[in-house]
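1. just a sequence and a predicted model for now, questions to come.
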Amino acid sequence: MELVNLGSLLIQLVNLSVVVYVLYRFIFKPYLAFIDEETAKREAFEENARAAEHIISDARKEAGTIMDAAKNEARAIVADSEALAKKEYSLILSDARKEAEQIKVKASKDIENERQALHNELRERVLSIALRANEKLFGKSEANAAFIAQVLKEEK
């Protein structure tokens, strides 16, 4: 008795080879290609995610740097504005003081001129009254006119 029939073994071997070839060709090969493709997609996605995280990190650092620079620039602008305002304040104050001094000097001159004008007018009236009194007392308008003219010349 033959334990193994060689013809049957050969047919079983061919059947097994055909089944393995069909499985490999139509199932295993496309499935392995699909798995390789999905693995490549996942690796590309992870690489893109790492790149995006790196870009986001760099953008945050740059945004922080820009914000710090903007804050420093704003502080500098405020400091410059304050310095300019103080300078403008002192210029306005000195101009106001100069103007006030000019107004005081002009007012003083005006007062002096008014005083002088009032003094002259008063003197003229006193002389006029004195001449009229002289005319009424002595009957002549020229009696002391030479004396009064001499006093006027001395005062001037």
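-> Arrived safely, thanks for sending.

2. longest helix anywhere in the chain?
-> helix 29-138 (DSSP state H).

3. just for the chain, where's the confidence low?
-> Applying pLDDT under 70 to the chain flags the ranges 1-2, 139-149, 151-153, 155-156.

4. one more pass at 50, please.
-> The model of the chain has pLDDT under 50 over residues 1.

5. separation between E43 and R50?
-> 11 Å (C-beta to C-beta, to the nearest Å). Glycine gets a C-beta too; all of them are placed from N, C-alpha and C.

6. please apply the same query to R25.
-> Using C-beta to C-beta, R25 is found at 37 Å from R50.

7. do F26 as well
-> Look at F26 and R50: by C-beta to C-beta, they are 37 Å apart.

8. same question for E112.
-> Distance from E112 to R50, counting by C-beta to C-beta: 92 Å.

9. how about F28?
-> 32 Å.

10. same check, this time on L3
-> Applying C-beta to C-beta to L3 and R50 gives a distance of 62 Å.
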